[in-house]
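**Q** Take a look and give me a structure for this.
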Amino acid sequence: MRSLWTVPVRRAATAVSAVRSVRGLPSATLLSLQARYVHRSTTDRYPVARVASNPATETLASAANASSATSTLAARRSLTTATMPVAQPVSASGEHPPGAALVGTKYVKVPKNDPSQAKEANDAPKFPVAPRMTAAKDRVPHVASMDQYREMWQRSVDKPAEFFAEQARELLSWMTPFSVAHHGDLNHGDASWFLDGTLNASYICVDRHAFATPDKVAIIYEADHPDRPHVEITYRELLRQVCQLAGALHAQGLRKGDAVGIYLPNTAHAVVAMLACARLGLVHSVVFAGFSAEALRDRLRDCQCKVLITADQGMRAGKEINIKSIADEALREAPMVQKVIVHKRTGNPNVKMDPTRDIYWDEAVKSHRPYCPPVPMAAEDPLFMLYTSGSTGKPKGLMHTTAGYLLGAALSTKYVFDVHEGDKFACVADVGWITGHSYIVYGPLALGTTTLVFEGVPTWPEPDMYWRLIQKHKLTQFYTSPTALRALRKFGDEPVKKYDLSSVRVLGSVGEPIDPNTWMWLHDVVGKGEAAIVDTYWQTETGAHVLTPLPGAIETKPGSATVPFFGVRPAILDPQTGEELEGNDVSGVLAFKQAWPSMARTVFGDHDRYLETYVRPYPGYYFTGDGCTRDHDGYLWIKGRVDDVINNAGHRLSVAEIESALTAHETCAEAAVVGAPDEIAGQCVIAFVTLKHTHIPTSEIPALLTYAVRRSIGPIATPKRIIIVPDLPKTRSGKVMRRILRKIVANETDSLGDLSTLSDPSVVQTIIDLYNNKQ
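**A** Sure, this is the predicted structure:
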């Protein structure tokens, strides 16, 4: 069997050996390590209310108290030209066919730079720093001005080893201090961080807080139904639960480097399972509980999981989901799984258990002690694998490492959401996705924050579940998706106005570019014009935020991801030549030109696929696969995947722009636009839309929406067809699967690919019938 924990370490073996030959590693026992950390936990624990301690930022923080948090237009305009160093243009020189970019394993036509594409961005209104960010006299934002942000960002990209070494020493606890902060680069796909240090993610997220603030609430768990009482788990209790499950896993013969599958609903048990794995150095692979048996089977087999942690059933919108039966089906063709631990979520007595393989969670843990020592992990040892679906080929098992990933999650949680002591953080994603990994589990818990786990959906039993949660728990940060917000916006403003949402300082958006109209609704109706809006851009591959405003420092624009996060040096490339487009008012493909700690290190078992997908398309850059515009203020706008550009009679049309024009209309709730083959124009625009509750006759809506697009963008963007559908093909995380729509309009319905990730696969046939006028 492949040894998981050696995969990323092998690439940096030479550098590590050189360090160890000089210094050697300490040989302290686990008991002495624990004793040392019990002592250190009261002095070295992360001080969430303190700005990073270096002379530059301390000076800036002092100045920020006496200055305005709102930057000047000149400062914003100088962001790109003055603070983002320009690299020498990189020629593709035969790496691509002309006019194409490599996406996965195929070349896709992408647009040349067209400054006119920045017009919408340049016309967007700008919003100053939110009043709630500066309202509390005893709380100064971690980054309190544009100048402070620019100073910190510049240092993070000019001296990344020095910058991230300081952050790593402040935010993480080290069993063995590191001496080599950074090694390798993007060119070779071998970037590594904190090579000779050792640490444990479970200790950082649980133990040190349990020792310092044992009675502080670590997790608030809200079940699917609002009538069920919520559960609060303190850090003391979390430590006990994590250690007992870790003991049960150890008793099954699992050791460092072994893989564990987690197929659980979005409950506190899922968080405990992840942290128990991290405690023993087990590589967890969380599979979203909405995935099919086939999808689960493929993931278990790929990473050779020895144990699966699952549940008898899950609950979603009041309906029972037979998770165990799905797991049983997957396990018929996954013989490497030797043991199944089953969380009794509903207690249904009809759930089948294999007495030779299955054991209930409570039975598995009851005989194990409440403390299990954490296993020291090398910084580059894997923490977890998470699979992402590509448009072609099998899902990619992206490998994230312990120190780099954990630092990225903690650092971005602290600064992007301006987390302070006493905050209650809510990310209403699922732990089965990277958003849940980083911003339900590892980011908030590494900082010792209270984090919310929400099992339900925002619209059941009433479309006010989010607002109830905010009022009930006085949540201070709330992170959700544009898809959820658009669904809630359908019901108007009244469900929001019934609740007191004044506790929220930061409202975040994740998963896709948020359209300006939904951004404005979030700002005006939910945030009352006082909460900061952070529209975050990142990927499973990046591990943490890479483009985002910082509340308290950055003026925002509806629909813009604004500026790069620390350590991230963005570049907009001409997709045909690979040359970097300098200055503002430019459009192209988005890339990053240096490594940062939280980026995934490899695709498990296929490092060449990692290189082909992210590194080789534009040598010297990490290729995101997304189009991007930099406006005249230096703000960045994500224009969607590069294969989400329609070439209509020589006109390059942004899918995101057309969708924004459609959803701006009073009748349109959601829109997904794709290009269809056209004999004359090459491609034509096809729009699939869902509707709001409206008095306007359905038969009249396509004409109204067509006019809205013509008025907003121009006649060149006129949809050839607008198909009204009951729902769009979306994953359970809310992402629209446009590749399915592209297959439908190309009459390739016999090769739709894997539909198991869809929340409702049946909607695909409905859309096919509507497109073919069968309904």
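
**Q** Which residue lies nearest the spatial centre of the chain?
**A** residue 435 (3.5 Å; Cα atoms, centre = their mean).

**Q** So for the helix or strand harbouring that residue, mean pLDDT?
**A** Residue 435 is located in helix 434-436, with elements delineated by DSSP states H and E. Mean per-residue pLDDT for helix 434-436: 96.

**Q** for it, packing partners?
**A** Using 3 or more Cβ pairs under 8 Å, 6 or more residues apart in numbering; DSSP states H and E, no helix or strand is in contact with helix 434-436. C-beta here means a position set from N, CA and C on the backbone, and glycine is covered the same way.

**Q** wait, doesn't residue 712 sit right on residue 664?
**A** Yes: counting by Cβ atoms under 8 Å, residue 712 does reach residue 664; the two are 6.8 Å apart.

**Q** Can you give me the end-to-end span of stretch 731-741?
**A** Here the two ends of stretch 731-741 are set 13 Å apart, with distance taken as Cα to Cα, to the nearest Å.

**Q** Show me the chain divided up by domain.
**A** The chain breaks down by automatic domain parsing into domains covering 235-375, 644-771.

**Q** how far does stretch 674-692 sit from the chain's center?
**A** 29 Å (Cα atoms, centre = their mean, to the nearest Å).

**Q** in the stretch 601-750 of the chain, which spans are strands?
**A** For the stretch 601-750 of the chain, the strands defined by DSSP state E, counting those that start in this stretch occupy 602-603, 622-630, 636-641, 645-648, 651-654, 668-678, 682-691, 721-724.

**Q** Listing partners with orientation, what would you give for the shortest one?
**A** The pairing partners recorded for strand 602-603 under DSSP bridges are strand 396-401 (antiparallel).

**Q** what's the answer for the longest one, then?
**A** Strands adjacent to strand 668-678 in the sheet, as given by DSSP bridges, are strand 682-691 (antiparallel).

**Q** Could you list the buried residues of the partner strand?
**A** Buried residues in strand 682-691, counted by 16 or more other Cβ atoms under 10 Å: 683-691.

**Q** so residue 551 touches residue 506, yeah?
**A** Yes: between residue 551 and residue 506 there is a contact at 5.2 Å, judged by Cβ under 8 Å.

**Q** Please say which of those two ends up with more neighbours.
**A** Using other Cβ atoms under 10 Å, the more surrounded residue of residue 551 and residue 506 is residue 551, with 30 against 25.

**Q** what's the pLDDT at that one?
**A** On the pLDDT scale, residue 551 gets 96.

**Q** same deal with residue 536?
**A** Reported pLDDT for residue 536: 98.

**Q** One more: residue 39?
**A** In this model, residue 39 is scored at 31, pLDDT.

**Q** Residue 656 too?
**A** 81.

**Q** what about it, distance to residue 202?
**A** Distance of residue 656 to residue 202, given as Cβ to Cβ, to the nearest Å: 40 Å.

**Q** now swap in residue 686 and tell me
**A** Distance from residue 686 to residue 202, counting by Cβ to Cβ: 49 Å.

**Q** Please name the residues that touch the closest residue to residue 562 other than its chain neighbours.
**A** Once flanking residues are discounted, residue 562 sits nearest to residue 549: 4.2 Å by Cβ to Cβ, 6 or more residues apart in numbering. With contact set as Cβ atoms under 8 Å, 6 or more residues apart in numbering, residue 549 has these partners: 532-535, 555-556, 561-563.

**Q** Give the rounded mean pLDDT of the host helix or strand of residue 156.
**A** Under the criterion of DSSP H and E, residue 156 resides in helix 146-158. For helix 146-158, mean pLDDT rounds to 98.

**Q** overlap in contacts of residue 551 and residue 506?
**A** Common neighbours of residue 551 and residue 506 (Cβ under 8 Å, 6+ apart) are 133, 417-418, 532, 534.

**Q** Mind putting those into JSON lines with secondary structure, neighbour count and distance to residue 466?
**A** JSON lines is the format used below for the shared contacts of residue 551 and residue 506 (DSSP: H, G, I helix; E, B strand; the rest coil; neighbours: other Cβ atoms under 10 Å; distance: Cβ to Cβ, whole Å):
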{"residue": "133", "secondary structure": "helix", "neighbour count": "22", "distance to residue 466": "21"}
{"residue": "417", "secondary structure": "coil", "neighbour count": "32", "distance to residue 466": "16"}
{"residue": "418", "secondary structure": "coil", "neighbour count": "26", "distance to residue 466": "20"}
{"residue": "532", "secondary structure": "strand", "neighbour count": "29", "distance to residue 466": "17"}
{"residue": "534", "secondary structure": "strand", "neighbour count": "24", "distance to residue 466": "16"}
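
**Q** Show me which of the residues you listed is closest to residue 743.
**A** Nearest to residue 743, judged by Cβ to Cβ, of those is residue 534 at 34.3 Å.

**Q** Residue 308 - how many residues pack around it?
**A** The burial count for residue 308: 26, using other Cβ under 10 Å.

**Q** my bad, should have said residue 512
**A** Neighbour tally, residue 512, other Cβ under 10 Å: 17.

**Q** residue contacts, the closest residue to it other than its chain neighbours?
**A** Spatial nearest neighbour of residue 512, chain neighbours left out: residue 482 (5.6 Å); criterion: Cβ to Cβ, 6+ apart. If a contact means Cβ under 8 Å, 6+ apart, then residue 482 has 509, 511-515, 518, 734 as its contacts.

**Q** could you dump the helix holding residue 156 to PDB, C-alpha only?
**A** Extracted C-alpha coordinates of helix 146-158, given in PDB (Å, rounded to 0.1, in the frame of the first residue of the first chain):
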ATOM      1  CA  MET A 146      -5.400  50.500   3.500                       C
ATOM      2  CA  ASP A 147      -1.900  51.700   4.300                       C
ATOM      3  CA  GLN A 148      -1.500  49.000   7.000                       C
ATOM      4  CA  TYR A 149      -2.800  46.400   4.600                       C
ATOM      5  CA  ARG A 150      -0.400  47.500   1.900                       C
ATOM      6  CA  GLU A 151       2.600  47.400   4.200                       C
ATOM      7  CA  MET A 152       1.800  43.900   5.500                       C
ATOM      8  CA  TRP A 153       1.000  42.500   2.000                       C
ATOM      9  CA  GLN A 154       4.100  44.000   0.500                       C
ATOM     10  CA  ARG A 155       6.200  42.400   3.200                       C
ATOM     11  CA  SER A 156       4.400  39.100   2.800                       C
ATOM     12  CA  VAL A 157       5.300  38.800  -0.900                       C
ATOM     13  CA  ASP A 158       8.800  40.400  -0.800                       C
END
